[in-house]
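*Asks:* here you go, sequence then predicted model.
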Amino acid sequence: GDSVTQMEGPVTLSEEAFLTINCMYTATGYPSLFWYVQYPGEGLQLLLKATKADDKGSNKGFEATYRKETTSFHLEKGSVQVSDSAVYFCALTNPNTGNQFYFGTGTSLTVIP
Amino acid sequence: NAGVMQNPRHLVRRRGQEARLRCSPMKGHSHVYWYRQLPEEGLKFMVYLQKENIIDESGMPKERFSAEFPKEGPSILRIQQVVRGDSAAYFCASSQDASGVYEQYFGPGTRLTVT
């Protein structure tokens, strides 16, 4: 069935470091891919999305490219800030198999000054 | 446009009691989803509802859990005879359609603690 496998954390980076969080997916057909962010004590907020192969989603300096050939949707940011400390979830939804979201287990990021 | 509303934000129940979690979707959204997040884990889908209909409850435990989304009022997730293992954060999300292209907007969650 559909699933998302996400890089395990926690990840600790210094401010201004480069960030990569890996995400691999398994799905039939053409799923839509998402990155959500969860700050402590809060719900999930959409960070970015891509709905077809080779699309690049971007927001707040974060980027991810939908790679169908490698079934990946890795999250990147060139220079992280302390305020980026949160848990990041990769997710997919697939019209072929229903409308639910499949989430990865989340990657906790801590950025230290 | 108000976001997805959930209440209560925190709920404490003793074992054997009932827990009722409420979710009001965003204005104009008629698709509601419930997810459960156990400590240190990702979100797991529970149930997908449209107004007055359960569309997919494949993630819902077979016993003690039920959900509804009436024609008027919020969606309700009901857990009867709670046990300690039900302690988790329960998130509701809504979307404007079922295409899967539009993102789901999440509420702030209800954190259930069973003592």
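*Replies:* Yes, it's here.
*Asks:* ok, stretch B:31-47 near chain A or not?
*Replies:* Yes: Stretch B:31-47 is in contact with chain A by C-beta under 8 Å from any C-beta of the partner chain, via B:His31, B:Tyr33, B:Tyr35, B:Glu41, B:Gly42, B:Leu43, B:Lys44, B:Phe45. To be clear about C-beta, it is placed using only N, CA and C from the backbone, and glycine gets the same treatment.
*Asks:* I'd like those residues as TSV, with neighbour count appended.
*Replies:* Listed next are the residues of stretch B:31-47 next to chain A as TSV, based on neighbours: other C-beta atoms under 10 Å in any protein chain shown:
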residue	neighbour count
B:His31	21
B:Tyr33	27
B:Tyr35	25
B:Glu41	12
B:Gly42	20
B:Leu43	30
B:Lys44	15
B:Phe45	21
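*Asks:* among these, name the ones in helices.
*Replies:* Per DSSP state H, helices hold no members of these.
*Asks:* now, these that are in strands?
*Replies:* Judged by DSSP state E, the residues of stretch B:31-47 next to chain A include B:His31, B:Tyr33, B:Tyr35, B:Leu43, B:Lys44, B:Phe45 as members of strands.
*Asks:* contacting residues around the fourth one?
*Replies:* Each residue near B:Leu43 by C-beta atoms under 8 Å, 6 or more residues apart in numbering or on different chains is listed here: A:Leu44, A:Phe89, A:Phe101, A:Phe103, B:Tyr35, B:Arg36, B:Gln37, B:Phe91.
*Asks:* the residues of stretch B:31-47 next to chain A: which two are farthest apart?
*Replies:* Taking C-beta to C-beta, the two most distant members of the residues of stretch B:31-47 next to chain A are B:His31 and B:Glu41; they sit 24.1 Å apart.
*Asks:* enumerate the residues of chain B near chain A.
*Replies:* So far as C-beta under 8 Å from any C-beta goes, chain B lies against chain A at B:4, B:6, B:31, B:33, B:35, B:41-45, B:48, B:55-56, B:58-59, B:91, B:93, B:95, B:98-101, B:103-109.
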